[in-house]
Structures are given as C-alpha cells and as structure tokens.
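Student: prediction below, plus the sequence it came from.
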Amino acid sequence: MEQAPFDHHVSIPGTTLFDGRQAMKGYQLNKMCYSFNDGDNRAAFKADPEAYMTKFKLTDPQKEAVRSLNVLKMIEAGGNIYYLAKLAGIFGLSVQDVGAQQTGMTTDEFKEKLLAAGRK
Amino acid sequence: MEQAPFDHHVSIPGTTLFDGRQAMKGYQLNKMCYSFNDGDNRAAFKADPEAYMTKFKLTDPQKEAVRSLNVLKMIEAGGNIYYLAKLAGIFGLSVQDVGAQQTGMTTDEFKEKLLAAGRK
Amino acid sequence: MATIIGGLTTSHIPAVGNAIAKKLYDDPYWKPFFDGYPAVHQWLADHKPDVAVVIYNDHGLAFFLDQMPTFAIGAAHEYQNADEGWGIPVMDPYPGYPELSWHIIEHMVEHEFDVTSCQELPVDHGFTVPMQLFWPDRGPDMPRVIPVSANTVQHPIPTLKRAYDFGRAMGDAIRAWPEDIKVVVLGTGGLSHQLDGERAGFINRDFDEMCMEKIVDDPVALTRIGRHELVEKAGAQGTEFLMWMMMRGALGDKVTKVTENYHIPISNTGAGTMVLESAA
Amino acid sequence: MATIIGGLTTSHIPAVGNAIAKKLYDDPYWKPFFDGYPAVHQWLADHKPDVAVVIYNDHGLAFFLDQMPTFAIGAAHEYQNADEGWGIPVMDPYPGYPELSWHIIEHMVEHEFDVTSCQELPVDHGFTVPMQLFWPDRGPDMPRVIPVSANTVQHPIPTLKRAYDFGRAMGDAIRAWPEDIKVVVLGTGGLSHQLDGERAGFINRDFDEMCMEKIVDDPVALTRIGRHELVEKAGAQGTEFLMWMMMRGALGDKVTKVTENYHIPISNTGAGTMVLESAA
Ligand SMILES: [Fe+3]
Ligand SMILES: [Fe+3]
C-alpha cells in the first residue's frame, strides 16, 4: 500500500503550518525539546548533545539542524516552535534572537522592524 | 464561598457512578493505583505499603481501605475500579475475587452466579 | 476512494488474552465463546481489509485522570502494548497508518468533534485482545491499524448519540480518503458487565440481545438510551457499548449481518461477536 | 444563580512576566502596555468576581503531542505553574473550584463538546501572566480559578466558530450554577504575532484592530474567518485569538466595552487589553 497524498497541507509564504505532515516528520525532535522542561534533562543535553539526540532517536537532518542551531532547518525537519523555544533557551536565545536568525537580520534589526510596525 | 451542591450525581442501587464527586474524593488513591502499571512501583508498594501510600498523600479512609483490602471501602473513598484492579492484581486477586468480596460471596459462589446467568 | 467494507464487534475481556495464550479453544468454559470466531476469520479471509480502525476504550494505561479525553485518535507509526499492572508480556508493535489518521483528525475537527490526537499511544487489552481474536496469526493479511478510544472511565462519558455521530463523521472521513483501500471498523468492549459495587456480577441478557438486534437495522433507536440508563441496564462497565455505536455509525445506513454469537459468561461479562457488512 | 459579569482580555507574552518581576511599569518600552491595566484593576475592584475562568493555550508544558486535546478543562483543587524550560520560578498555587469545574464539564459533554478533563494541570505563562497582570498583589480578592485550554500548537486547531460555540455553551453552564457568585471570563493570548519561519516578526495592526472592534458587537462575523486565513492574517501564533472567541461566547449576546488598550510591539506581538461587561 503506497503512502497517500496528504490533502490538508496549505501554503502561506514564510510559514510552515504545523499540521499532521510536519508532526509525523518531527515527533522525535519535538519530544526531545519537550523533555527540556526538566532542568536535569537540559543539563544532560548540555553535557553530551550527541548522546542525548541519539537517545531520542533524532533523524540525521534533525541532528544536523540542532548542531548548527539553525531554526529554519529544525522547522523543515518537523520541529514546532513552541518546543524549539525550549531548546533555544538552553543556548540563551530569546524569541527575538530566533526571529532575527530566521529572517536573516541581527537581533537589533529585528527589534527595530517590530518597533517600526508599532509606528505605523 | 460555600461549596455548592453537585447536581449531576445519580443513584443506581449497588452502583457508584465514578463522576466528578467521586473523582474529587479519590484522586490520590487512583493516582497511586495508576502508578502500579510500572513493575518497579508495584515492588516499592509491596516493600513498604505505608510509605508508598504516604508518598501519594492518601487520605486516612483511603489508607484504611487499602490496609484492609476492602474494595467497597476503596470505592467509597473515591477509588475507580479500573485503577483499583491494578492494586488487586498485586495481591493476586482477579476481577471475580473482587466481585465476590463486594457481594459477600466466595469466589466459587460468585462464579456460579455468573454461570447461572448464562443458563437463563 | 477508500471503502468501508464492514464492522466487527467483540468483547475484549483480559481473561481472553490468557485463554488464547493457553489455547483453551476447546475447553468447555471457552468453546462457546471461541466458536463465534471461525466465521469472522472466513469473512476476513474473503475480504482482506487493508486497514482496521480499532475503536476501544483505554482502561487506565494510556490515559489517567490528569488528562482524560472524551475521544482520542491514534496518529502514530506503530502502537505497542505495555504492562497494565499484571506484567502482561510486550508484543510486537502493530503498524499504524498515520497519514490516514491525520486525514481523519482533520475531518473530525473541521466537523466540530473535539478530538485528542495521539502521536504516541500505548494500547491495552481493549485493543490487543480484539486484534488477537480476529488476526490470531498476525500474518501478512493483518491490516494496518488506527486506534480510536472513547472515555468510559470518568463520567461524564459521551452520549450514545454523540458516539454514533462520531462514527458517522469518521465514516465520511474514511470514505473521502483518495486511495482504493478496504477499511474494516472494529467496535470492541461490552456487552453487559459490572465489576464494582454491591451489584458486581450484574449481567443483562435481554438488554444485550436487544442491543445486538437494534444495532443492525435501527441504531438510531439506541441513541435515545440515556447514559445513566445505560449504566443501569448494561452495568457500570457495560458503557463500553458506546464503542459499538461509534463503529455502527461509520458503516453507513444499511448493513447486513453476516454472523453473530452471544455467550454468557466470559469472566464477568456477556460476550457478543458480530460481523456487519456495509451495503456496496 | 451565578452571574457572568464580564470578560477580560490580555496578551500573555512570557516577557511580561520578566517585566513584572523587574517592575518595569514606567520603562519607556513597557509603559504603553502597562498603562492599559489600571482601568482593569479599577473595574475588578468595583466588581470583585468570585471565580475567574481563565481561557488560555498551553505552550508545551501540560500537553505534549502524544496526547493533544482540542479543549481541556481543569478540575483540580489548585493549579501550580512549573518550569517551562527556562527555569521559571515556581509560584504559590492558584486555588481552583473543582465543583464548578465538574458542573461545566458535565454540561459541555452533555451538549456534545468532547472535552478533556484535567484533575491535575500544571499551568504555564499563558495562564500565570494574565493572573499577574490582573491581580498583581494576589490579595484576598483574587478569585478562585478554572483554567480552560484550547489547542493552538497542532493543526487542526478548532475553528473560530467552534471556539465561539464552546464559549456560548460554557456560559450557559456557568449561568446554571446554583450559587450566587460573580464570574469573570478571561480570554488570553494574541493578538497578531509569528515566531517561526521566514515571516517571523509579522504583526498586523489592521487585523488586530478589526478583531478588537468586531468582538464587541459582532463576534459572529469573526466566526467566518477560516483557520488558515487566521494564520495568514494574524500570524502563526495569532491563532491564540481563538481564546478571545471562547471568552466572548461566554458573555452572552450584548456586552459593553469598559476599556481597551492596544500596543505594538511587546516582544514579537501586538498586545490587546479589553474589559467587556455583560448586559445585566
Ligand atoms: Fe473493557
Ligand atoms: Fe501564547
């Protein structure tokens, strides 16, 4: 039985809807990130990221995205931003740092963009 | 603010509907019993039931019902039969032993009652 | 397009798992129960469904009272059983079909069913016993599975009408799936039984037989049974009949009864087995 | 009988928690945001609700993808926050009102809302930040709470219509509660923001202002917004506007706007604050 097309996936520019298709791809990555609610787990990841990723059975693209701390690649590999934010927190990245990285700006440029939206 | 009457509780003879009222009363007991899905937890309970019950913050009526292995009292204290069955399993009691205890029969009498229902 | 070829019902009593392990098929206590299954096996051999939607109720393995969903739909790549408290052996996992799971979940939420999606779901005897009964050798014809669970642990449980409507919407979802596959829907659990209280051991043959009759041609009549009336007449755990209603809803308006069996008692329970074939 | 006196809305951005901890009320970045709250405090001091139903969305603390409920209702004696991954300090628990929770759950399931009941529920910033904003000193007037959470993490999320209808049914349930108590309903989260993807930082003032206008007198118009349209116009996390729709449904047909505030940006978000008073 072949895998059927998944019909509910829609396209919004610059936006990856976290739907069933993404969820199927990203489960292990998201599960690992969810575990970071626990401080001991954060410490275990920091002590040995490779072992921790292997324990959670991350795929190679997921591991690579985490190693390079590349948020767009994490999303492409099925990551959900709410869980990824916990991983980003381990590296001291705020949601604005994460936003800047994804949009190819410095964090100051990204913050200025938001302030500009407020002046409109 | 006084506690208001809880309107959804109904009465069926010989039957305690596990509704919100029972659930509020029984949460800690049920939580302890749910933990028995794990073999290590069953062993910990068997090794020191009192300590285990205290760890799960059982109320005194709940502790007393567990000590005396009295299923009707466990239900009265808010226990739900699906979770209680896991506790009963630790003591090697089947659902038919549990049925017999609650109806004041021997297990053989209880089984005979069920067979008789089949002959009707 | 996918076709729902029919529905299977069975009780899912844990003791059946033991009886299967011990091959008690010809034991006098068990024979009248197991005699209901060869006709089901024949129907399955004739029809070879690709996917089984297994409607069951979790009994305190996957779900606890901290988060008790009314309806849950599995969306995992595979489903594994686990220790339920009695050291049950771990079986090989059952392969899932998450693409179809998500299609169903999308449809259900769009149609205002507030489901819980489960991307990891340990399955208990309510799921595994029916799978063992219907596909005892787990051969190459065993279908991929989608577990669907309804709450019968914590009142308020869903109404019989809601359960039936859930099945109807799920049937629409399955029939809208673009692949040419054959789907069978399992309604497991019941029939009448009560494990707890001074009324433990309560069984109601008349009510069970009425349910098995009406569910073929007049399931809507059964949606009028109140939830407390169901507890009164089917016993506290006889509320598992909700799973049969969900199954029946998915089959469409017209079905034909292929085979049925009813036997009292298995453990504390009135055990019912049926094959209902959907109209082409 | 219980009375719903009105609804409060607020964004629930985690950074607000830090700003409160650091008392940045008069900081130039924060002042235009915090300036929206004294009028709410005055209204609360005037009306002193006994119970707050806090509609929020969990962000990956209580719920994970293994069991993701569409709608969840707390039924615990108290609710505690917990570490969300950044070592957030643990606060005193918020006292619940489980009797009223169960009354609401009974009503919702009877009326075909398939809720997940939560007898233990760690609450995240989506719950705690609004509580800190509205009851900063946690004094004796702080109401007992009932947390209600909707899924905005995993698509499919509920439709705006379903969210609004959920609120309407919950409003009926609350008004049917026999005690003479005053209930306020909180709709938290939003407004427009997007954290992920190349469109991160997207904010839509026009859409937010339209939502804040329509939600007063014409919420039904907002139920016609599709879920993907909501993502497009409010941003990927702007779907939290669902919580506002649930709140609005509970208030009844006629409401009066007491106060409102809107400010861009707080963190990545367009932040909206409102008090809507229900018609007597
Ligand atoms: Fe069962
Ligand atoms: Fe949020």
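Tutor: Happy to help now that I have it. Numbering: from 1, shown residues only, chains lettered A, B, ... in the order given. Ligands and ions are numbered 1, 2, ... in the order given.
Student: report the contact partners of the spatially most central residue of chain A.
Tutor: Residue closest to the average C-alpha location in chain A (CA atoms, centre = their mean): A:Leu84, at 3.9 Å. Contact analysis of A:Leu84 by CB atoms under 8 Å, 6 or more residues apart in numbering or on different chains lists A:Cys33, A:Val71, A:Met74, A:Ile75, A:Val98, D:Asp196. Every residue, glycine included, has its C-beta placed from N, CA and C.
Student: what parts of the stretch 51-200 of chain C come near chain D?
Tutor: By the rule CB under 8 Å from any CB of the partner chain, the part of the stretch 51-200 of chain C lying against chain D is C:62-63, C:65-72, C:105-106, C:109-110, C:112-121, C:154, C:156-159, C:162, C:165-166.
Student: out of the contacts of A:Leu84, who's nearest C:Val90?
Tutor: Among the contacts of A:Leu84, A:Cys33 lies closest to C:Val90 (CB to CB), at 27.4 Å.
Student: that closest one in helix, strand or coil?
Tutor: helix (DSSP: H, G, I helix; E, B strand; the rest coil).
Student: could you pull out the strands for chain C?
Tutor: Secondary structure of chain C (DSSP state E): strands at C:3-10, C:51-56, C:68-69, C:71-74, C:78-79, C:94-95, C:116-118, C:144-150, C:182-188, C:255-266, C:269-278.
Student: next, format these as a markdown table and append mean pLDDT, mean neighbour count and distance to D:Thr259.
Tutor: A markdown table is the format used below for the strands of chain C (pLDDT from 0 to 100; neighbours: other CB atoms under 10 Å in any protein chain shown; distance: least, CB to CB, whole Å):
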| stretch | mean pLDDT | mean neighbour count | distance to D:Thr259 |
| --- | --- | --- | --- |
| strand C:3-10 | 98 | 24 | 55 |
| strand C:51-56 | 98 | 28 | 50 |
| strand C:68-69 | 98 | 26 | 38 |
| strand C:71-74 | 98 | 26 | 40 |
| strand C:78-79 | 98 | 19 | 52 |
| strand C:94-95 | 98 | 19 | 56 |
| strand C:116-118 | 98 | 28 | 37 |
| strand C:144-150 | 98 | 26 | 44 |
| strand C:182-188 | 98 | 26 | 53 |
| strand C:255-266 | 97 | 19 | 59 |
| strand C:269-278 | 97 | 24 | 58 |
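Student: using TSV, please lay out those strands together with distance to C:Phe207.
Tutor: Listed next are the strands of chain C as TSV, based on distance: least, CB to CB, whole Å:
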stretch	distance to C:Phe207
strand C:3-10	15
strand C:51-56	20
strand C:68-69	26
strand C:71-74	24
strand C:78-79	32
strand C:94-95	32
strand C:116-118	30
strand C:144-150	20
strand C:182-188	17
strand C:255-266	12
strand C:269-278	9
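Student: taking the residues of the stretch 51-200 of chain C next to chain D one by one, which sit in helices?
Tutor: C:Ile105, C:Glu106, C:Val109, C:Glu110, C:Arg162, C:Asp165, C:Phe166 (DSSP state H).
Student: touching, the first one and C:Phe113? I think so.
Tutor: No: with contacts defined as CB atoms under 8 Å, C:Ile105 does not count as touching C:Phe113, sitting 9.2 Å away.
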